[in-house]
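Colleague: Task: produce atomic coordinates for the following.
(one chain, ligands or ions: 1)
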Amino acid sequence: MCGIVGFVGRQQAAPILLDGLSKLEYRGYDSAGVAVVSPDGGIEVRKAKGRLQVLSDLIHGGADMDGRIGIGHTRWATHGAPSDVNSHPHVSEGGKFAVIHNGIIENYVEIKEFLIRQGVHFQSETDTEVVAQLLEFYYNECRDFFEAVGRVLRRIEGAYALGMLCADCPDRIIAARKDAPLLLGYGEGENFIASDVTALLKYTRDVAYMEDGEVAVLTTEGIKVFDALQQPVEKERHHVDWEAAAAEKGGYPHFMLKEIFEQPEALRRAISPRLKDGRIVFDDMKLTPERIRALSRVFIVACGSSYHVGMLGKYTLEHLTRRSVEVCLASEFRYADPIVDGNTLVIVISQSGETLDTMAALREAKARGAYVLSIVNVVGSSIARESDDVLYTWAGPEIAVATTKAYSTQLAVLDMLGLAFGEALGTVDAAEYAETVRELEKLPEKLETVLAHHEDIQKYAAEHFNHNSIFFIGRNLDYALGLEGSLKLKEISYIHSEAYASGELKHGTISLIEEGTLVVALGTYGKLFDKAMSNVVEVKARGAEVLALTTESRREERQKTVPNVLAVPDTADMLLPSLGVVPLQLFAYYVALQRGCDIDKPRNLAKSVTVE
Ligand code: F6R
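Modeller: Take a look at the predicted model:
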C-alpha cells in the first residue's frame with residue numbers, strides 16, 4: 001500500500017522523487033520521506049509525518065537536496081504509528097544504507113533481536129528498519145552491496161518491494177521484489193523504480209515489471225536484473241499508453257468526481273472493442289467454448305467493491321448460464337478449503353491487480369488446479385500476469401481511493417462475460433441476448449444522462465448530510481447495488497451505513513429504523529418492484545425518511561408513496577446496476593463534500609491493499 005519511487009540520472013533527484021510521490025500518495029498518506037546520495041558522499045534523508053506537502057515544504061520542493069540518485073516513499077502504517085521516526089527511508093546505524101519498503105517483513109522480530117545482540121541500535125518500531133540494519137551488518141562482512149542484498153533477501157521472510165541506497169556505491173539503486181508490486185522505468189541516461197506506473201508517466205512510458213525473487217541494479221547506464229540465483233534476466237519491456245494527463249485532476253476538485261464523470265468514456269473503451277455485429281466477442285480471451293462447457297464449478301473471488309461486482313455477477317451469470325456461481329471474499333476463500341478442481345473456473349476481479357488477499361486466493365485456486373480468469377484494470381499487474389486469462393477493463397488510471405469507474409467497467413466486462421458464456425452453453429434466451437447487447441451499446445450515452453442530473457443529487461445531499469446512520473435496501477440486483485452504495489458512503493463520509501436485502505429487514509434490523517432514519521430504497525429492478533415497494537411502506541410506517549431510486553418508467557408510480565425519487569433511464573434488467581450505481585456514487589461524494597471530508601484520501605484507507 002505504500003508508494004515507492006526511485007531515480008538515478010543526471011538531474012537533481014529530490015524534485016523528481018516528490019513529483020513521483022505526488023502521483024502515489026493515494027497508496028498511503030500518513031508520512032513521506034526521501035533519501036539521496038549527496039555529491040560529497042553520504043546519504044541525506046528527510047522525512048516527515050503527515051501529507052507529502054509537509055515534506056515538500058520542509059525541503060522546498062526538493063531544492064534543498066542536491067543528489068542525482070535517490071529513493072522516496074509515502075507510507076500507510078502497518079508496524080509502528082505514523083511518526084517522523086517511523087517514516088521511510090530507514091537508515092542503518094552507521095549511515096551507509098537507506099531503505100524504502102512496501103510490504104511486511106514477517107520475521108522482523110527475530111532478526112531485530114539477533115541484531116540487537118550484535119550491538120545494533122534501532123531507531124524505529126518498523127519492520128523495515130531491520131532491512132537497513134541487516135544490510136549494513138552483512139556489508140561489513142563482505143564489502144559488496146549486491147552480495148549484501150542477496151544475503152538479506154535470503155534471511156528475510158514476508159512481502160517486499162525494496163529500494164536501497166549504499167553510500168559506498170553512489171552510482172546505483174538496488175531494488176528487489178517479492179509479493180509487492182515494483183516496476184522499472186527506462187529513460188535516456190536516467191532510470192526509475194516505482195510501485196505504480198502513474199509515478200513515471202511524466203518521465204517514461206517504457207517499463208518492465210519485476211517478478212518475485214528478482215533484484216535490479218539501476219545506474220544511469222542502464223538496468224541489470226538478476227533472478228533469485230543471481231543469474232542475469234532479460235526483461236520484456238512494455239510500452240504504457242496511459243496519458244500523463246489521466247493522472248491529473250484536469251479541473252475537477254477531486255479525482256473521485258473526475259473519475260465518476262469519466263465513466264461513460266471508460267465504458268465505451270471496455271465495451272466497444274468487444275461488440276461485433278450484435279455479438280459479444282472476447283478476442284482477448286483464451287478460454288474456449290469447449291472448456292466453458294466442461295466447467296463444473298464457477299467462483300468469483302474479489303475484495304471490497306470488486307466483490308460487490310461479483311455479487312451482481314452471481315445473479316446475472318446464474319441467470320444466463322444456468323450454472324451455480326459462488327461469490328467469495330478473497331480473504332475468506334484462501335482459508336476456506338474451497339472445493340476446486342481442474343474443471344473449476346475462478347473469476348478474479350481486481351482494479352489494481354495487486355490486492356494481496358486476491359492474489360493469495362488466485363494462487364490458492366491455481367494450486368488446486370483451477371483455471372483463473374481475471375478482470376483487471378492495471379495492465380501488467382501481478383494478478384494479470386499470474387492468471388491463465390485476463391480481460392482488461394481499460395478504465396484508465398484510477399487515483400481516488402474510492403473506486404468508481406473501475407467498478408463500472410468491471411461490471412460491464414462481467415456482464416459481457418455472462419452473455420458470452422450463456423451463448424457458448426446455449427442457455428441464454430436469444431431475444432434477451434440481442435436486447436442486452438443493444439442496450440450495452442447505449443449504456444455510455446444513458447450514463448451521460450444520469451450524470452447530467454448530478455445537481456439533483458447534490459441538492460439532496462446538501463439537505464441530508466447530517467444523518468448518523470443511513471440504510472440502503474433493495475432486492476436481488478438492487479440489494480447487491482446497495483452494498484456498493486453503502487460502502488461508498490461510509491468510506492468517504494464516515495457515516496455509519498448498512499445495506500440490507502429488503503426482505504431481510506423484518507428479521508431483525510428493522511428495529512434500528514426510527515423517526516427520521518434515512519433509508520435509500522433501491523427499486524430499479526422491475527420484476528421485484530412491487531415487493532420492494534411493500535418494504536418501503538414498512539420502513540415509512542416506522543418513521544423512516546425515504547430516498548427512492550428507480551427507473552424513469554416507474555418514477556410516477558413510486559412518487560405516489562415516496563416524494564423523493566431519483567430515476568435512471570430504463571435499460572435491460574442486468575444493466576440497471578450500471579446506471580443505478582452512479583447516483584449512489586454522487587450521493588456519497590456530495591455528502592462527504594458537505595461534511596468537509598478529505599474525499600480522495602479517506603482516513604485509514606489506501607488504494608491498492610498489498611497487505612493481508
Ligand atoms: C472501495 C474500494 C475497495 C477496493 C478493494 C479491492 O471503494 O476501492 O473496496 O474495491 O480494496 O481492490 P482491487 O479491486 O484493486 O483488488
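
Colleague: next SSE after the strand or helix carrying Glu463?
Modeller: Using DSSP states H and E, Glu463 falls within helix 454-464. Tracing the chain past helix 454-464, the next element assigned as helix or strand by DSSP H and E is strand 469-474.

Colleague: Just the angle for that next one relative to helix 454-464, thanks.
Modeller: 140 degrees (axes from the mean of the first three to the mean of the last three CA atoms, to 10 degrees).

Colleague: quick one: contacts of strand 469-474?
Modeller: By CB atoms under 8 Å, 6 or more residues apart in numbering, the residues outside strand 469-474 that reach it are 479, 481-483, 485-486, 489, 495-502, 505, 509, 512-513, 517-523, 525, 532, 535-536, 539, 544, 584. Yep, even glycine has a C-beta here, placed from its N, CA and C like the rest.

Colleague: Quick one: mean pLDDT over the very next helix or strand once past it.
Modeller: Tracing the chain C-terminally past strand 469-474 and defining elements by DSSP H and E, one meets helix 477-493 next. Across helix 477-493, the average pLDDT comes to 97.

Colleague: which SS class is the residue of the stretch 501-612 of the chain found nearest the ligand?
Modeller: Residue of the stretch 501-612 of the chain nearest the ligand, by CB to the nearest ligand atom: Val609 (4.9 Å). Put simply, Val609 is coil when judged by DSSP: H, G, I helix; E, B strand; the rest coil.

Colleague: number of nearby residues for the nearest residue to it once chain neighbours are set aside?
Modeller: If the residues on either side of it in the chain are set aside, Val609 comes closest to Thr355, at 5.3 Å by CB to CB, 6 or more residues apart in numbering. Thr355: 30 surrounding residues under other CB atoms under 10 Å.

Colleague: Pull the contacting residues for Thr355.
Modeller: Thr355 is in contact with Cys303, Ser306, Ala330, Ile383, Ser608, Val609, Thr610, counting by CB under 8 Å, 6+ apart.

Colleague: possible to save those residues as TSV with distance to Leu549, pLDDT and neighbour count?
Modeller: TSV is the format used below for those (distance: CB to CB, whole Å; pLDDT from 0 to 100; neighbours: other CB atoms under 10 Å):
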residue	distance to Leu549	pLDDT	neighbour count
Cys303	25	97	21
Ser306	22	98	26
Ala330	29	97	26
Ile383	32	95	24
Ser608	30	72	28
Val609	29	73	19
Thr610	34	70	26
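
Colleague: What separation do you get for the residue in the stretch 151-300 of the chain positioned nearest to the ligand and Pro338?
Modeller: Distance from the ligand to each residue of the stretch 151-300 of the chain (CB to the nearest ligand atom) is smallest for Met256, at 9.4 Å. Met256 is 34 Å from Pro338, where distance means CB to CB, to the nearest Å.

Colleague: Neighbour count: these two, which is higher?
Modeller: Met256 (28 against 20).

Colleague: quick one on the thing from earlier: for ChimeraX, what selects the buried ones among the contacts of strand 469-474?
Modeller: Command for ChimeraX, covering only those of the contacts of strand 469-474 found buried under the criterion 16 or more other CB atoms under 10 Å:
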select :479,481,482,483,485,486,489,495,497,498,499,500,501,502,505,513,517,518,519,520,521,522,523,525,532,535,536,539,544,584
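
Colleague: Quick one: mark the members of the contacts of strand 469-474 that sit in strands.
Modeller: His496, Ser497, Glu498, Ala499, Tyr500, Ala501, Leu518, Val519, Val520, Ala521, Leu522 (DSSP state E).

Colleague: for these, which one is nearest Tyr203?
Modeller: Ser497 (41.0 Å; CB to CB).

Colleague: do you know how far the closest one is from the ligand?
Modeller: 13 Å (CB to the nearest ligand atom, to the nearest Å).

Colleague: Please verify my assumption that that residue contacts Glu484.
Modeller: No. Between Ser497 and Glu484 there is no contact under CB atoms under 8 Å: 11.3 Å.

Colleague: Hmm, Ala402 and the residue of the stretch 151-300 of the chain closest to the ligand touching each other?
Modeller: Yes. Between Met256 and Ala402 there is a contact under CB under 8 Å: 5.7 Å.

Colleague: which neighbours do these two share?
Modeller: Ile492, Ile599.

Colleague: Please parse the protein into its domains.
Modeller: Domain assignment for the chain, taken from automatic domain parsing, gives 3-241, 248-450, 453-597.

Colleague: will you turn these into JSON lines that also has distance to Asn604?
Modeller: Formatted as JSON lines, the domains of the chain follow (distance: least, CB to CB, whole Å):
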{"stretch": "domain 3-241", "distance to Asn604": "9"}
{"stretch": "domain 248-450", "distance to Asn604": "10"}
{"stretch": "domain 453-597", "distance to Asn604": "9"}
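
Colleague: The residue of the stretch 301-450 of the chain found nearest the ligand: how many residues sit nearby?
Modeller: Nearest residue of the stretch 301-450 of the chain to the ligand (CB to the nearest ligand atom) works out as Gly304 at 1.9 Å. The local packing of Gly304 (other CB under 10 Å) involves 23 other residues.

Colleague: Tell me the spacing between it and Ser331.
Modeller: For Gly304, the distance to Ser331 - CB to CB - is 10 Å.

Colleague: hang on, the earlier thing: what residues are up against the closest residue to the residue of the stretch 151-300 of the chain closest to the ligand other than its chain neighbours?
Modeller: Spatial nearest neighbour of Met256, excluding adjacent residues (CB to CB, 6+ apart): Ala400 at 3.7 Å. By CB under 8 Å, 6+ apart, the contact set of Ala400 is Tyr26, His254, Phe255, Met256, Lys258, Glu259, Ile599, Asp600, Lys607.

Colleague: near the ligand, which residues of the chain?
Modeller: 303-306, 350-352, 355, 358, 402-403, 487, 491, 608-609 (CB under 6 Å from any ligand atom).

Colleague: Could you rerun that using 5 Å?
Modeller: The chain comes close to the ligand at residues Cys303, Gly304, Ser305, Ser306, Ser350, Gln351, Ser352, Thr355, Ala402, Thr403, Val609, as judged by CB under 5 Å from any ligand atom.

Colleague: Please list the members of the residues you listed that lie in strands.
Modeller: Using DSSP E, the residues of the chain next to the ligand in strands are Ser350.

Colleague: Now distance to Gln594 too, for the residues of the chain next to the ligand, in CSV please.
Modeller: What follows is those, written out as CSV (distance: CB to CB, whole Å):
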residue, distance to Gln594
Cys303, 29
Gly304, 24
Ser305, 22
Ser306, 28
Ser350, 31
Gln351, 27
Ser352, 29
Thr355, 31
Ala402, 16
Thr403, 21
Val609, 28
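
Colleague: Next up, phi/psi of Gly9, please.
Modeller: phi -180, psi -160 (degrees, to the nearest 10).

Colleague: Tell me how many other residues crowd the residue nearest to Gly503 when sequence neighbours are not counted.
Modeller: Counting by CB to CB, 6+ apart, Gly503 lies nearest to Arg475, which is 6.3 Å off, once chain neighbours are set aside. Other residues lying near Arg475 total 21 when counted by other CB under 10 Å.

Colleague: same deal with Ser83?
Modeller: 16.

Colleague: Ok, His254 next?
Modeller: 20.

Colleague: pLDDT value on the residue of the stretch 301-450 of the chain closest to the ligand, please?
Modeller: 97.

Colleague: Kindly report the same for Asn604.
Modeller: 80.

Colleague: Over to it. Which of the three states is it?
Modeller: Per three-state DSSP, Asn604 ends up coil.

Colleague: what's the lengthiest helix in the chain packed up against?
Modeller: Ranked by residue count under DSSP state H, the longest helix found in the chain is helix 430-452. Judged by 3 or more CB pairs under 8 Å, 6 or more residues apart in numbering; DSSP states H and E, the packing partners of helix 430-452 are helix 263-271, strand 275-276, helix 405-425, helix 576-594.
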